[in-house]
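1. Sequence plus the predicted model coming up.
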Amino acid sequence: DAGVIQSPRHEVTEMGQEVTLRCKPISGHDYLFWYRQTMMRGLELLIYFNNNVPIDDSGMPEDRFSAKMPNASFSTLKIQPSEPRDSAVYFCASSLVTYRASYNEQFFGPGTRLTVL
Amino acid sequence: AQSVTQPDIHITVSEGASLELRCNYSYGATPYLFWYVQSPGQGLQLLLKYFSGDTLVQGIKGFEAEFKRSQSSFNLRKPSVHWSDAAEYFCAVGITGFQKLVFGTGTRLLVSP
(Lines give C-alpha, C1' and ligand atoms only; values in the text may rest on other atoms or scores of the structure.)
Protein backbone atom coordinates (compact mmCIF):
# COMPACT_ATOMS: atom_id res chain seq x y z
CA ASP A 1 0.00 0.00 0.00
CA ALA A 2 1.21 3.51 -0.72
CA GLY A 3 0.32 4.79 2.72
CA VAL A 4 -1.54 7.99 3.43
CA ILE A 5 -1.10 10.45 0.60
CA GLN A 6 -1.30 14.19 1.06
CA SER A 7 -1.14 16.97 -1.49
CA PRO A 8 0.33 19.39 -1.98
CA ARG A 9 3.46 18.84 0.10
CA HIS A 10 4.13 22.56 0.23
CA GLU A 11 1.77 25.46 -0.23
CA VAL A 12 2.61 29.13 -0.17
CA THR A 13 -0.25 31.56 -0.43
CA GLU A 14 -1.18 35.10 0.42
CA MET A 15 -3.41 36.19 3.23
CA GLY A 16 -7.05 36.10 2.25
CA GLN A 17 -6.70 33.34 -0.31
CA GLU A 18 -8.52 30.03 -0.12
CA VAL A 19 -6.38 26.99 0.60
CA THR A 20 -7.39 23.38 0.05
CA LEU A 21 -5.40 20.50 1.44
CA ARG A 22 -6.06 16.98 0.23
CA CYS A 23 -5.73 13.56 1.74
CA LYS A 24 -6.11 10.01 0.51
CA PRO A 25 -6.25 7.53 3.40
CA ILE A 26 -5.01 3.97 3.30
CA SER A 27 -7.46 1.83 1.42
CA GLY A 28 -9.92 0.10 3.74
CA HIS A 29 -9.31 2.34 6.72
CA ASP A 30 -12.45 3.66 8.37
CA TYR A 31 -11.09 6.56 10.41
CA LEU A 32 -9.48 9.72 9.10
CA PHE A 33 -7.86 12.44 11.19
CA TRP A 34 -6.63 15.95 10.44
CA TYR A 35 -3.91 17.41 12.65
CA ARG A 36 -2.06 20.70 12.72
CA GLN A 37 1.51 21.02 14.00
CA THR A 38 3.12 24.28 15.06
CA MET A 39 6.07 25.13 17.24
CA MET A 40 3.89 27.00 19.69
CA ARG A 41 0.98 24.56 20.04
CA GLY A 42 2.52 21.24 19.08
CA LEU A 43 0.33 18.61 17.43
CA GLU A 44 -3.37 19.38 17.58
CA LEU A 45 -6.25 17.25 16.41
CA LEU A 46 -8.56 19.36 14.27
CA ILE A 47 -11.27 16.93 13.21
CA TYR A 48 -11.81 13.25 12.61
CA PHE A 49 -14.18 11.14 10.55
CA ASN A 50 -15.54 7.63 10.88
CA ASN A 51 -16.90 6.05 7.73
CA ASN A 52 -16.89 9.49 6.07
CA VAL A 53 -18.96 11.09 8.84
CA PRO A 54 -17.42 13.82 11.00
CA ILE A 55 -17.32 12.63 14.60
CA ASP A 56 -15.52 15.39 16.46
CA ASP A 57 -14.67 18.81 15.06
CA SER A 58 -14.05 20.48 18.38
CA GLY A 59 -10.44 21.13 17.42
CA MET A 60 -11.28 23.20 14.36
CA PRO A 61 -9.99 26.64 15.30
CA GLU A 62 -12.72 28.75 13.73
CA ASP A 63 -15.29 28.97 10.98
CA ARG A 64 -12.63 29.69 8.41
CA PHE A 65 -11.71 26.01 8.60
CA SER A 66 -13.85 23.31 7.09
CA ALA A 67 -13.29 19.64 6.30
CA LYS A 68 -15.13 17.18 4.13
CA MET A 69 -14.92 13.53 3.31
CA PRO A 70 -17.11 12.89 0.27
CA ASN A 71 -16.03 9.25 0.02
CA ALA A 72 -13.85 6.68 1.75
CA SER A 73 -10.79 7.52 -0.31
CA PHE A 74 -10.66 11.30 -0.19
CA SER A 75 -10.81 14.15 2.28
CA THR A 76 -10.18 17.88 2.10
CA LEU A 77 -9.34 20.53 4.64
CA LYS A 78 -10.17 24.02 3.47
CA ILE A 79 -9.17 27.36 4.93
CA GLN A 80 -11.05 30.40 3.65
CA PRO A 81 -9.83 33.07 4.03
CA SER A 82 -6.33 32.11 5.09
CA GLU A 83 -4.32 34.13 7.61
CA PRO A 84 -0.60 34.16 8.47
CA ARG A 85 -1.33 32.45 11.79
CA ASP A 86 -2.58 29.42 9.86
CA SER A 87 0.98 28.70 8.77
CA ALA A 88 1.75 25.21 10.02
CA VAL A 89 2.26 21.64 8.93
CA TYR A 90 -1.03 19.84 8.43
CA PHE A 91 -1.09 16.08 8.78
CA CYS A 92 -3.68 13.57 7.74
CA ALA A 93 -3.80 10.16 9.39
CA SER A 94 -5.98 7.10 8.99
CA SER A 95 -6.70 3.97 10.99
CA LEU A 96 -8.75 0.81 10.90
CA VAL A 97 -10.60 -0.33 13.97
CA THR A 98 -11.28 -4.03 14.04
CA TYR A 99 -13.32 -6.13 16.38
CA ARG A 100 -10.14 -7.62 17.80
CA ALA A 101 -8.77 -4.35 19.10
CA SER A 102 -10.68 -1.46 20.49
CA TYR A 103 -7.89 0.83 19.53
CA ASN A 104 -5.61 0.78 16.54
CA GLU A 105 -2.60 2.57 15.24
CA GLN A 106 -2.95 5.77 13.27
CA PHE A 107 -0.88 5.96 10.09
CA PHE A 108 0.29 9.43 9.22
CA GLY A 109 0.85 11.06 5.88
CA PRO A 110 3.96 13.15 5.16
CA GLY A 111 2.15 16.41 5.83
CA THR A 112 1.51 19.65 3.96
CA ARG A 113 3.63 22.61 4.94
CA LEU A 114 1.45 25.70 4.60
CA THR A 115 2.88 29.19 4.57
CA VAL A 116 0.51 32.14 4.49
CA LEU A 117 2.22 35.43 3.68
CA ALA B 1 -9.09 15.96 31.04
CA GLN B 2 -6.63 13.64 29.43
CA SER B 3 -3.13 14.98 29.05
CA VAL B 4 0.40 13.86 28.27
CA THR B 5 3.53 15.48 29.62
CA GLN B 6 6.95 15.11 28.11
CA PRO B 7 9.14 17.11 30.48
CA ASP B 8 12.23 17.18 28.29
CA ILE B 9 12.07 19.47 25.26
CA HIS B 10 15.56 18.56 24.07
CA ILE B 11 17.90 15.73 24.94
CA THR B 12 21.42 15.19 23.66
CA VAL B 13 22.93 11.73 23.83
CA SER B 14 26.25 10.45 22.61
CA GLU B 15 26.15 7.82 19.94
CA GLY B 16 26.28 4.39 21.56
CA ALA B 17 24.96 5.64 24.88
CA SER B 18 21.66 4.59 26.36
CA LEU B 19 18.52 6.67 26.08
CA GLU B 20 15.44 7.23 28.18
CA LEU B 21 12.69 9.63 27.19
CA ARG B 22 10.10 10.43 29.80
CA CYS B 23 6.36 10.47 29.40
CA ASN B 24 3.68 10.98 32.04
CA TYR B 25 -0.01 10.81 31.35
CA SER B 26 -3.20 11.81 33.06
CA TYR B 27 -6.15 9.57 32.33
CA GLY B 28 -8.77 8.04 34.59
CA ALA B 29 -9.16 4.67 32.94
CA THR B 30 -6.73 2.10 31.61
CA PRO B 31 -4.77 4.00 29.01
CA TYR B 32 -3.79 3.09 25.52
CA LEU B 33 -0.28 4.46 25.14
CA PHE B 34 1.84 5.11 22.10
CA TRP B 35 5.24 6.38 21.13
CA TYR B 36 5.70 7.93 17.70
CA VAL B 37 8.85 9.21 16.02
CA GLN B 38 9.03 12.06 13.54
CA SER B 39 12.11 12.49 11.38
CA PRO B 40 12.69 15.94 9.86
CA GLY B 41 10.20 16.71 7.12
CA GLN B 42 8.35 13.47 7.67
CA GLY B 43 5.11 12.32 9.18
CA LEU B 44 4.85 10.39 12.42
CA GLN B 45 5.73 6.71 12.57
CA LEU B 46 4.60 4.39 15.33
CA LEU B 47 7.44 2.98 17.41
CA LEU B 48 5.39 0.93 19.87
CA LYS B 49 2.12 0.76 21.73
CA TYR B 50 0.71 -0.50 25.00
CA PHE B 51 -2.85 -1.74 25.30
CA SER B 52 -2.73 -4.31 28.11
CA GLY B 53 -0.74 -7.26 29.40
CA ASP B 54 3.03 -7.21 29.74
CA THR B 55 4.08 -3.78 30.93
CA LEU B 56 7.33 -3.89 28.99
CA VAL B 57 6.66 -3.53 25.29
CA GLN B 58 9.06 -3.90 22.43
CA GLY B 59 8.94 -1.77 19.35
CA ILE B 60 10.72 -1.18 16.11
CA LYS B 61 14.30 0.05 15.73
CA GLY B 62 15.35 -1.48 19.05
CA PHE B 63 13.11 0.70 21.22
CA GLU B 64 11.17 -0.47 24.25
CA ALA B 65 8.89 1.21 26.75
CA GLU B 66 7.67 0.33 30.20
CA PHE B 67 4.22 1.13 31.51
CA LYS B 68 4.14 1.94 35.21
CA ARG B 69 0.62 2.51 36.42
CA SER B 70 1.70 3.66 39.89
CA GLN B 71 3.76 6.44 38.35
CA SER B 72 1.45 7.16 35.40
CA SER B 73 4.49 6.85 33.20
CA PHE B 74 5.39 5.26 29.89
CA ASN B 75 9.08 5.95 29.35
CA LEU B 76 10.83 5.08 26.13
CA ARG B 77 14.26 3.44 26.22
CA LYS B 78 16.97 2.28 23.91
CA PRO B 79 20.20 0.65 25.12
CA SER B 80 22.46 2.07 22.41
CA VAL B 81 21.57 5.11 20.34
CA HIS B 82 22.53 5.44 16.69
CA TRP B 83 22.98 8.71 14.82
CA SER B 84 19.91 7.85 12.75
CA ASP B 85 17.77 8.00 15.89
CA ALA B 86 18.01 11.79 15.91
CA ALA B 87 14.41 12.89 15.55
CA GLU B 88 11.46 14.15 17.53
CA TYR B 89 9.62 11.68 19.72
CA PHE B 90 5.99 11.97 20.75
CA CYS B 91 4.14 10.15 23.47
CA ALA B 92 0.38 9.86 23.10
CA VAL B 93 -2.59 8.51 25.03
CA GLY B 94 -5.66 7.09 23.33
CA ILE B 95 -9.05 8.08 24.62
CA THR B 96 -11.21 5.01 25.00
CA GLY B 97 -14.28 4.98 22.85
CA PHE B 98 -13.33 7.99 20.84
CA GLN B 99 -10.49 6.71 18.66
CA LYS B 100 -8.50 9.87 19.06
CA LEU B 101 -5.06 10.53 20.48
CA VAL B 102 -3.79 13.22 22.78
CA PHE B 103 -0.15 13.95 22.08
CA GLY B 104 2.59 15.30 24.28
CA THR B 105 4.63 18.26 23.14
CA GLY B 106 7.48 16.07 21.96
CA THR B 107 11.14 15.59 22.84
CA ARG B 108 13.78 16.40 20.28
CA LEU B 109 16.67 13.95 20.42
CA LEU B 110 20.08 15.06 19.28
CA VAL B 111 22.84 12.48 18.87
CA SER B 112 26.41 13.64 19.24
CA PRO B 113 29.36 11.76 17.70
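-> Structure's in. What do you need?
2. Check residue A:73 and give its pLDDT.
-> Looking at residue A:73, its pLDDT reads 95.
3. what's across from whatever residue of chain A ends up closest to chain B in the sheet?
-> For chain A, the residue closest to chain B is residue A:108, as judged by Cβ to the nearest Cβ, at 3.6 Å. All C-beta spots, glycine's among them, are computed from the backbone N, C-alpha and C. When assigned by DSSP bridges, residue A:108 has beta-bridge partners residue A:93.
4. Kindly report the same for the one 4 residues further on.
-> Applying DSSP bridges to residue A:112 gives these bridge partners: residue A:90.
5. Kindly report the same for residue B:110.
-> If you apply DSSP bridges, the partners that residue B:110 bridges to are residue B:12.
6. same check, this time on residue B:91
-> Here residue B:91, judged by DSSP bridges, has bridge partners residue B:35.
7. Show the contacting residues for it.
-> Counting by Cβ atoms under 8 Å, 6 or more residues apart in numbering or on different chains, residue B:91 makes contact with B:4, B:6, B:21, B:23, B:25, B:33, B:34, B:35, B:74, B:76, B:103, B:104.
8. Closest one of those residues to chain A?
-> residue B:103 (4.4 Å).
9. thought the closest one was touching residue A:43?
-> Yes: Residue B:103 lies in contact with residue A:43 (Cβ atoms under 8 Å); the separation is 4.4 Å.
10. intersection of neighbour lists for those two?
-> Joint contacts of residue B:103 and residue A:43 (Cβ under 8 Å, 6+ apart) are residue B:90.
11. Compare these two and say which is more crowded by neighbours.
-> For the pair residue B:103 and residue A:43, the greater number of neighbours falls to residue A:43 (23 against 20), based on other Cβ atoms under 10 Å in any protein chain shown.
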